[in-house]
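Undergrad: here you go, sequence then predicted model.
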Amino acid sequence: MFLFLSFLLLLKNPSLAQSLNDDGQDVKRSHFPDGFFFGTSTSSYQVEGAYIEDGKGLNNWDVFSHIPGNIKNNDNGDIADNHYYRFLEDIELMCSLGTNAYRFSISWTRILPRGKFGQVNPRGIMFYNKLIDNLLERGLEPFVTIHHHDIPQELVDRYGGWLSPLMQEDFVYFAEICFKSFGDRIKNWITMNEPNLLVDMSYIRGWYPPAHCSPPFGNCSAGNSDIEPLIAMHNMILGHAKAVKLYREHFQLKQGGSIGIVGFTEYFEPLRDNELDRQAVSRALAFTNAWLFDAVVFGDYPAEMRLYLGSALPTFSPEETSYVKGSLDFIGMNFYTSLYAKDCIHSACISGGDRPIRGFVHTTGERDVWESKVLCGPRGNGEDCQLHEREIQ
C-alpha cells in the first residue's frame with residue numbers, strides 16, 4: 001500500500017515542540033500530547049484502481065496517464081494498489097502499524113462521473129460509506145480530502161477545468177454531496193490538497209494534466225506559464241472558500257466537524273551570504289507557501305507577489321475577501337525539503353528563475369558547487385552578455 005506520514009498542524013492545538021525530547025533518545029508515543037494523530041495518507045488515484053468500474057467516470061489523470069510518454073514506463077492507476085477491492089486488508093495494515101488516523105481522498109468521478117452534468121453514482125457513495133464505517137470500527141479517525149488533483153475529464157473538455165471560474169461552483173456542488181453523504185461521521189474535512197503544487201506542476205512545468213506550459217519552463221502544445229497558474233490558483237482558492245462557507249453555514253453546527261486546507265511547503269536559505277539572497281528567500285517563501293496561506297488566512301496574496309506580478313495577479317472583490325479570509329479551522333502542511341534561494345533581480349540566473357512567476361528567484365539544493373559568471377562582449381553593456389556556469393573544483 002502506498003503510505004506516507006501526514007502531519008496536520010491544528011490551530012487549536014498547543015505547540016508540539018515541548019513534547020519532543022532532544023537528548024538523542026528514541027522518540028516515543030508518550031512524548032506526544034493526548035490527541036496527537038499518528039496517521040497514514042493516500043490519494044484516490046494513487047491507490048484505488050477500479051478506474052472504470054461500478055459507474056466511475058474518467059478523470060483527468062485516467063486520460064493523461066493513458067497517453068504514451070506522459071508517465072514513466074507508461075504506468076497508470078487502472079489497478080494501482082487495488083484499494084477499492086482490498087480496503088479491508090489495508091485497514092488491517094494500518095492497525096498493525098499502530099496508527100490511529102487515516103487521511104484519504106474521495107474520487108470526484110466515483111461520486112459524480114460527469115461532474116454536475118450527470119447523476120450521483122450510488123455505488124461510489126456505498127464504497128466510501130463502507131470505508132468510513134470500517135475505519136471508525138477499528139478506531140481509525142478519518143481525515144477526508146475532497147479534492148486531491150483529480151477532476152472529471154468532462155469538466156476539462158467543457159471549459160478547461162480550473163482555468164475557468166465555472167469550476168468553483170462545480171467543486172462546491174461536489175463538496176456539498178460529500179458533506180451530506182459522509183458528514184455525520186467525518187469530523188475532519190480537507191477541501192484541497194496542495195493547490196500551490198498542483199498549479200506549478202500543471203500550468204508552469206506541464207508535468208501534470210492538462211500539461212500546459214510555455215518556454216522557458218517547457219515546450220507544451222498549449223499553455224502560458226506566466227499567467228495560467230495565477231488564474232487556476234485563484235479559482236481553486238475561491239472554490240475552497242465557497243465550500244468552507246457552505247459547510248459553516250449549513251453543516252458544521254449540526255455535524256460538529258472542522259474544515260481546512262493542506263498546502264505544499266518548502267523552506268529556503270540564502271545561497272550566498274548577502275542581502276540580495278536574503279531578500280530572495282522572502283520572495284521564495286511568498287511565491288511558494290504564502291501564495292496559498294496568506295490568501296486563506298488574511299484574504300489577499302502576499303505583498304511580494306503583488307509587487308512583482310502587478311496586474312497579472314488576480315484580485316479578490318470585497319465580497320470574496322469576506323469569505324476567503326479565515327476560511328479554515330486548521331492548516332495542513334506537507335513539508336518535503338529545504339532549498340537555497342538566489343536573487344535573480346540583480347544577479348544573472350539561468351532561465352526560469354529570472355521570471356516574475358518565480359519571484360525572480362533561482363532555487364537549488366546545492367551550495368558551493370556552482371558559481372555563475374556573466375561573460376560579455378567588448379561593449380560590456382549587457383546586450384551581448386551570456387550566463388555561464390562552471391563547477392567549482
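TA: The structure has been received and is ready for your questions.
Undergrad: identify the residue nearest Ser282 in space, chain neighbours excluded?
TA: Glu304 (6.5 Å; Cβ to Cβ, 6 or more residues apart in numbering). Where C-beta positions appear, they are placed from N, C-alpha and C, glycine not excepted.
Undergrad: surely the one you found meets Ala286?
TA: Yes - counting by Cβ atoms under 8 Å, Glu304 touches Ala286, with 3.9 Å between them.
Undergrad: mutual contacts of those two, please.
TA: Shared contacts of Glu304 and Ala286 (Cβ atoms under 8 Å, 6 or more residues apart in numbering): Gly359.
Undergrad: output the lowest mean pLDDT helix or strand found in this protein.
TA: Counting by mean pLDDT, DSSP states H and E, the weakest-scoring helix or strand in the chain turns out to be strand 4-5, with a mean of 36.
Undergrad: am I right that Val262 falls within a strand?
TA: Yes - the assignment for Val262 (DSSP: H, G, I helix; E, B strand; the rest coil) places it in a strand.
Undergrad: contacting residues for it?
TA: Val262 makes contact with Leu8, Thr145, Ile190, Met192, Asn193, Glu194, Gly332, Met333, Asn334, according to Cβ under 8 Å, 6+ apart.
Undergrad: would you mind naming the residues that bridge with the fourth one?
TA: Yep, that's Met192 we're talking about. Listed by DSSP bridges, the beta-bridge partners for Met192 are His147.
Undergrad: what's it in contact with, if anything?
TA: Going by Cβ under 8 Å, 6+ apart, Met192 touches Thr145, Ile146, His147, His148, Met236, Gly239, His240, Ile261, Val262.
Undergrad: and if we set it to 7 Å?
TA: Residues near Met192 by Cβ atoms under 7 Å, 6 or more residues apart in numbering: Ile146, His147, Met236, His240, Ile261.
Undergrad: among those residues, which two are most distant?
TA: Farthest apart among those by Cβ to Cβ are Ile146 and Met236. That separation is 11.8 Å.
Undergrad: against Phe182, how distant is the residue nearest to the spatial centre of the chain?
TA: By Cα atoms, centre = their mean, the mean C-alpha position of the chain lies nearest to Glu194, the distance being 1.0 Å. Using Cβ to Cβ, to the nearest Å, Glu194 is found at 22 Å from Phe182.
Undergrad: Glu137 too?
TA: For Glu137, the distance to Phe182 (Cβ to Cβ) stands at 15 Å.
Undergrad: give me the neighbour count for the residue nearest to the residue nearest to the centre of the chain when sequence neighbours are not counted.
TA: Among residues not flanking Glu194 along the chain, Phe264 sits closest, at 4.1 Å (Cβ to Cβ, 6+ apart). For Phe264, the neighbour count with other Cβ atoms under 10 Å is 21.
Undergrad: and Phe264, what are its bridge partners?
TA: In this entry, Phe264 is beta-bridged to Asn334, by DSSP bridges.
Undergrad: I'd say it and Leu197 touch.
TA: Yes - Phe264 is within contact range of Leu197, at 3.6 Å (criterion: Cβ atoms under 7 Å).
Undergrad: could you identify the helix or strand that succeeds the helix or strand hosting Asn196?
TA: Using DSSP states H and E, Asn196 sits within helix 195-199. The helix or strand immediately downstream of helix 195-199 is helix 228-250, counting by DSSP H and E.
Undergrad: list the contacts of that following helix.
TA: 162-163, 165, 167-168, 171-172, 175-176, 179, 189, 191-192, 195-196, 199-200, 203-204, 212, 259, 261, 291, 295-296, 309, 312-314, 320, 323-324, 327-328, 357.
Undergrad: circling back to that earlier point, so how do I select the buried members of the contacts of Met192 in ChimeraX?
TA: Burial among these is assessed by 16 or more other Cβ atoms under 10 Å; the matching ChimeraX selection reads:
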select :146,147,236,240,261
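Undergrad: wait, which of the contacts of Met192 is closest to Tyr51?
TA: When the contacts of Met192 are compared against Tyr51 (criterion: Cβ to Cβ), the nearest one is His147, at 17.6 Å.
Undergrad: pLDDT at the closest one, what is it?
TA: Per-residue pLDDT puts His147 at 98.
Undergrad: any idea how far Asn188 is from Ile111?
TA: From Asn188 over to Ile111 (counting by Cβ to Cβ), the distance is 19 Å.
Undergrad: again, but for Asp62
TA: When distance is defined by Cβ to Cβ, Asp62 is 15 Å away from Ile111.
Undergrad: what sits against Thr288?
TA: By Cβ under 7 Å, 6+ apart, the residues touching Thr288 are Asn196, Glu266.
Undergrad: in a helix, it, correct?
TA: Yes - checked against three-state DSSP, Thr288 lies within a helix.
Undergrad: just how off-centre is stretch 121-129 within its chain?
TA: In terms of Cα atoms, centre = their mean, to the nearest Å, the centre of stretch 121-129 is found 25 Å from the chain centre.
Undergrad: swap that for stretch 232-246, please
TA: 13 Å.
Undergrad: now swap in stretch 73-84 and tell me
TA: 21 Å.
Undergrad: end to end, how far does it reach?
TA: End-to-end distance for stretch 73-84, by Cα to Cα, to the nearest Å: 23 Å.
Undergrad: and stretch 267-281, by the same measure?
TA: 9 Å.
Undergrad: buried residues, it. List them.
TA: For stretch 267-281, a neighbour-count test (16+ other Cβ under 10 Å) marks Phe268, Pro270, Leu271, Arg272, Asp277, Gln279, Ala280, Val281 as buried.
Undergrad: likewise stretch 194-207?
TA: Neighbour-count burial for stretch 194-207 flags 194-206 (criterion: 16+ other Cβ under 10 Å).
Undergrad: what comes into contact with it?
TA: Contact with stretch 194-207 is made by 149, 208-210, 212-213, 217-218, 220, 223, 225, 228-229, 232-233, 236, 262-264, 288, 291-292, 334, 357, as judged by Cβ under 7 Å, 6+ apart.
Undergrad: what is the mean pLDDT for it?
TA: Rounded mean pLDDT across stretch 194-207 is 98.
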